[in-house]
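> predicted model, plus sequence, below.
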Amino acid sequence: MKTPAEIVQGLMLANDAFSQLLGMEIKALDLGYCQLSCSVTAQTTNGFGIAHGGLCYSLADSALAFASNSRGHQCMSIDTQIAHLAKVKLGDTLTATCTEIHRGKRTGVYEVRIENQDHKLVAFFKGTVFVSDQIW
C-alpha cells in the first residue's frame, strides 16, 4: 500500500487544480491527519472586502479529502458542515487541521479547525466520508 505522501502529494494534490489555484500547501500529513494552509488574496475576497466563505470551506474540504484518503482507500464526502466563527481578512494566512474522529469500514468522521496566523479559530468544519473498496 502507498504511503500518505504518495497518495496525497503524488496522486491527489498533483492533480487537484482547484487546491493549487487557491495556493494550498501541505504542512503536515499522517494517517487520518492533514494540515493545510493558504493565504487570503484579493481574488478570494467578497463584496465586503473579507474572505469569501467558500475559501474556508474549500480549505477544510481539501484537508478532509487528504486526511481521509491517506489510509489508502478512496474516500468521498457524503456530508459536510461549516461554522464561520470570525472575520477572515485580506492578507490572513489560514491553517486547516483535519483530525480523524472515527474510521469504520464504510464511513469516517473528521473535524477541521481553521485558524488564522494569530492562532484564532475562524471556522469549524465537520465532515463524513464514504470509504470505498477502491485502493489508491
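Yep, it's here. Numbering: from 1, shown residues only.

> identify, by residue count, the longest helix of the chain.
Counting residues, the longest helix found in the chain (DSSP state H) is helix 53-69.

> so how far is it off the chain centroid?
2 Å (CA atoms, centre = their mean, to the nearest Å).

> which parts of this structure are strands?
25-30, 33-39, 73-84, 93-103, 107-115, 121-135 (DSSP state E).

> would you turn those into TSV with mean pLDDT and distance to residue 54?
Just so you know, the C-beta spots here come from the backbone N, C-alpha and C atoms, and that holds for glycine as well. Listed next are the strands of the chain as TSV, based on pLDDT from 0 to 100; distance: least, CB to CB, whole Å:
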stretch	mean pLDDT	distance to residue 54
strand 25-30	98	19
strand 33-39	98	12
strand 73-84	98	10
strand 93-103	98	12
strand 107-115	99	13
strand 121-135	98	11
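
> show me what the longest helix of the chain packs onto, helices and strands only.
helix 17-21, strand 33-39, strand 73-84, strand 93-103, strand 107-115, strand 121-135 (3 or more CB pairs under 8 Å, 6 or more residues apart in numbering; DSSP states H and E).

> then the first one to CSV, C-alphas only?
Coordinates of the C-alpha atoms in helix 17-21 are reproduced here as CSV (Å, rounded to 0.1, in the frame of the first residue of the first chain):
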residue,chain,number,x,y,z
ALA,A,17,-6.2,22.1,-9.9
PHE,A,18,-8.6,23.9,-7.6
SER,A,19,-6.5,23.4,-4.4
GLN,A,20,-3.5,24.5,-6.4
LEU,A,21,-5.3,27.6,-7.7
